[in-house]
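Visitor: got a predicted model here, sequence first, then my questions.
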Amino acid sequence: MSGPLLWAKAETRRINNALVTGTANMVDAEIRLARELEQRVRDYVQWHHQDERSFNGVSVLDFGPGTVRAFQQKTLPLVKNLWGETSRCILVDRSSEFLRDIAQLPSAFGLRIEFISYDIFSGRRYFFGDEAAFVVMFGRTFGNLDASISDRPPVEAVVKALKKISNSAERCWMAISIGSDLRKDVAKAYYEAHPEFQLNVFYRMKSELPIDDNFDPELFEYEADIKGDESFMQVVHTAIVKRKVSFKLRGEMVNLSEGDRLHLKNSFSFSEAFFRECVRLAGLSSIEVLTDKAGSDIHVLEKAT
């Protein structure tokens, strides 16, 4: 099964699980916040240039658009709302399969959308001159920071990531989705109830990378390790090898033993106060925080010009 298909299946299972257990569903919560963002986005951006209303609109940059469902329900409404005569939309994702699925959507035809397979935390500049951009990062993607495993707050990593994101354009606004529920027991139970979201990476490897047939995506099981304090929480996503295996990846031999632990990525959550302070240290301004008051927040920021 391909990475995007497995992710879509996992989304469905998570939604059904939330309906049965009555627990909060991050996917639906963020969709509701995205709809609120869509209704208010014209209040955030400045639609004028040299004291005159601009017909250029505002371009949209989406870091990690994800599945077709996520793009349709979160990003596409914003694109249509901010569209102008010369504005455009850029979708950046490391997965070429995710981007290809979105490119095949009938609704994407006729819109000026560019698809770029690239590192979302690269700090690359995508807009030049006076082209204004509204940058979005849904799915709590921001929380997947490349940071060391530690009980200390990741101030430096958060500030560095914010600066890189804001470098995408000289003049931009940002909407960044983060988790704000810092309950460690709840997080551990939640992530371990939905291991597909983390083990999905091995199916993507099988589908997208030059890897031989000895590699089996079913070879791994999942564990969540938790760090943090009252200002942040770090979920350390770990894959544990179930049996000894050897395979070739890009022509290089990889040998894994039973019990080997592989650090897949992090999922950080932050208190509102901590994230606001990091925003200030990054030289950005906080406009508003949209929240469901149950652990899902979207911070709307502005880059000073």
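Guide: Looks like it arrived, so ask away.

Visitor: for stretch 221-240, list the C-alpha coordinates in CSV.
Guide: As requested, the backbone C-alpha atoms of stretch 221-240 are provided in CSV (Å, rounded to 0.1, in the frame of the first residue of the first chain):
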residue,chain,number,x,y,z
GLU,A,221,6.5,-1.8,15.7
TYR,A,222,5.9,1.5,17.3
GLU,A,223,6.6,3.1,20.7
ALA,A,224,6.1,6.7,22.0
ASP,A,225,8.6,8.1,24.5
ILE,A,226,7.5,11.4,26.3
LYS,A,227,9.6,14.3,27.6
GLY,A,228,8.7,17.8,28.7
ASP,A,229,7.5,20.2,31.4
GLU,A,230,4.7,22.8,31.9
SER,A,231,5.8,24.7,28.7
PHE,A,232,6.3,22.0,26.2
MET,A,233,6.0,18.3,25.5
GLN,A,234,8.2,16.2,23.2
VAL,A,235,6.9,12.9,21.8
VAL,A,236,9.8,10.9,20.6
HIS,A,237,8.5,8.5,17.9
THR,A,238,10.5,5.3,17.9
ALA,A,239,10.3,2.2,15.6
ILE,A,240,11.5,-1.1,17.1
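
Visitor: buried stuff in that stretch?
Guide: For stretch 221-240, the neighbour count (16 or more other Cβ atoms under 10 Å) marks 222, 224, 226-228, 231-239 as buried. From N, CA and C alone the C-beta is placed, and that goes for glycine too.

Visitor: how near is Lys246 to Ser180?
Guide: Quick fix: residue 246 is Ser, not Lys. Noted for Ser246: a distance of 43 Å to Ser180, by Cβ to Cβ, to the nearest Å.

Visitor: of those two, who's got more company?
Guide: With neighbours defined as other Cβ atoms under 10 Å, Ser246 and Ser180 compare such that Ser180 has more, 22 against 12.

Visitor: residues in contact with the more buried one?
Guide: Residues near Ser180 by Cβ atoms under 8 Å, 6 or more residues apart in numbering: 269-272, 291, 295-297.

Visitor: which of the residues you listed fall in strands?
Guide: 269-270, 291, 296-297 (DSSP state E).

Visitor: what is the lowest-pLDDT residue among those residues?
Guide: Note: of the ones in strands among the contacts of Ser180, the lowest pLDDT belongs to Ser296, at 92.

Visitor: how are the strands of the stretch 51-200 of the chain distributed by residue range?
Guide: 52-53, 59-63, 89-93, 113-117, 132-137, 171-179 (DSSP state E, counting those that start in this stretch).

Visitor: a markdown table for those, including mean neighbour count?
Guide: As requested, these are exported to a markdown table (neighbours: other Cβ atoms under 10 Å):
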| stretch | mean neighbour count |
| --- | --- |
| strand 52-53 | 8 |
| strand 59-63 | 26 |
| strand 89-93 | 23 |
| strand 113-117 | 16 |
| strand 132-137 | 25 |
| strand 171-179 | 23 |
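
Visitor: which one of the ones you listed lies nearest to Ala189?
Guide: strand 171-179 (14.4 Å; Cβ to Cβ).

Visitor: which secondary structure elements does that closest one contact?
Guide: In terms of contacts (3 or more Cβ pairs under 8 Å, 6 or more residues apart in numbering; DSSP states H and E), strand 171-179 is packed against helix 26-44, strand 132-137, helix 155-166, strand 261-270, strand 296-303.

Visitor: just so I know, which of these lies nearest Val60?
Guide: Nearest to Val60 among the helices and strands packed on strand 171-179 is strand 132-137; the distance by Cβ to Cβ comes to 5.3 Å.

Visitor: partners of the closest one in the sheet?
Guide: Paired strands of strand 132-137, with direction, are strand 59-63 (parallel), strand 171-179 (parallel) (DSSP bridges).
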